[in-house]
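>>> for reference, the sequence and a predicted model appear below.
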Amino acid sequence: MTRKLTLNCDLGEGFGPWKMGDDRNIMPLIDAANVACGGHAGDPSTMRACVELAKRHRTEIGAHVSYPDKQGFGRRAMALSGQELVDLVHYQIGALDGIARAHGTRVTYVKPHGALYHAMLADSLILNDIMSAVASWHADLELVVLATPRDRKTQQLAVEHGLNLRYEAFADRGYTSRGLLLGREKPGALLNPFDAANQAIAIAKNNLRTPRGKRIPVSADTLCVHSDTPGAVEMITAIRQAMDGLE
């Protein structure tokens, strides 16, 4: 059976005069924008420009929260947990949601970025802290987590927090046999447009496989693509066309 998946992308990752990604040409191709909230990238004006683009194209807005690490683009782990981490997540959601509401829209979901995303997958205490922060926000928000096989602990923790999860898979990244992402430094970690489009189709058909042919049972709601990949617009266009061709 083919699943109808939304397409999400990390956007708003510039800062001041420094630009990253082609937000203007990517926004019309996607369903949901993971907007940087000032942790790994982004500033008030960049967030505002991204919100305006998203509103114009009727694209859902998500808070792309991260460790406060602009120099490392949020890809370096930091020793943050407990109330300090909850406060950090609230701070970043609040920044983006305030700008969104000032422009007649709102944030509807949260997706951790980079090292924080991987810490959430590896450490149940950090996952609990992030769920606590998202669930205690004043408006209902969904949390994006990696779709992995047999992930009952995450599901149970979400139930305890009264939180809805949005499971994602990655169209443009290579997978391990355990259903996790290959490290960016490893061969096959970053896919080209042709392979990414084919992987998107495989995920939609629940037929994702390792290079050796082993099936990875990944049941996703949304597909992620990255705007900082070389040739990102070409890749996302190919993935969009592949997904539309399944309907």
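Thanks, I have it. If you're wondering where the values come from, they're calculated on a predicted model, not measured in any experiment. Numbering: from 1, shown residues only.
>>> F15 is in contact with H40, isn't it?
No - at 9.3 Å, F15 does not count as touching H40 under the criterion of Cβ atoms under 8 Å. Quick note: C-beta positions are derived from backbone N, CA and C, even for glycine.
>>> common neighbours of the two, please.
K70 (Cβ atoms under 8 Å, 6 or more residues apart in numbering).
>>> more neighbours: which of those two?
Using other Cβ atoms under 10 Å as the criterion, F15 and H40 rank with H40 on top: 27 against 17.
>>> just give the number of residues close to the residue lying closest to that one once chain neighbours are set aside.
Nearest residue to H40, sequence neighbours excluded (Cβ to Cβ, 6 or more residues apart in numbering): G74, at 2.6 Å. By other Cβ under 10 Å, the residues close to G74 number 24.
>>> do Q241 as well
So Q241, with other Cβ under 10 Å, has 12 neighbours.
>>> which stretches of the protein form helices?
Secondary structure of the chain (DSSP state H): helices at 23-26, 44-56, 82-102, 114-122, 124-135, 152-161, 193-204, 232-244.
>>> give the buried residues for the fourth one.
Along helix 114-122, the positions that meet the burial threshold by neighbour count (16 or more other Cβ atoms under 10 Å) are G114, A115, L116, Y117, H118, A119, M120, L121.
>>> ok, the fourth one - contacts?
Read that as Y117. By Cβ under 8 Å, 6+ apart, the neighbours of Y117 are K111, L146.
>>> distance of it from Y175?
15 Å (Cβ to Cβ, to the nearest Å).
>>> can you check the second one too?
Relative to Y175, A115 is positioned 19 Å away (Cβ to Cβ).
>>> same check on the third one?
Applying Cβ to Cβ, one obtains 20 Å for the distance of L116 from Y175.
>>> which residue is nearest the middle of the protein?
Centrality entry for the chain: nearest residue to the mean C-alpha point is K111, 5.0 Å, by Cα atoms, centre = their mean.
>>> in space, what's closest to the residue with the largest distance to the centre of the chain - neighbours in sequence excluded?
Each residue of the chain has a distance to the centre, and by Cα atoms, centre = their mean the biggest one is for R212: 27.1 Å. Distances taken as Cβ to Cβ, 6+ apart put S177 closest to R212, at 7.8 Å, once the chain neighbours are dropped.
>>> and D140, by the same measure?
Nearest to D140 is N164, by Cβ to Cβ, 6+ apart, at 7.6 Å.
>>> test my guess that the one you found contacts E142.
Yes - using Cβ under 8 Å, N164 and E142 qualify as a contacting pair, with a distance of 4.7 Å.
>>> mind checking which of these two has more residues around it?
E142 (17 against 14).
>>> run a quick neighbour tally on the nearest residue to the more buried one once chain neighbours are set aside.
Among residues not flanking E142 along the chain, Y109 sits closest, at 4.2 Å (Cβ to Cβ, 6+ apart). Residues contacting Y109 under the criterion other Cβ under 10 Å number 22.
>>> Y109 and G14, how far apart?
22 Å.
>>> cool, and Y67?
18 Å.
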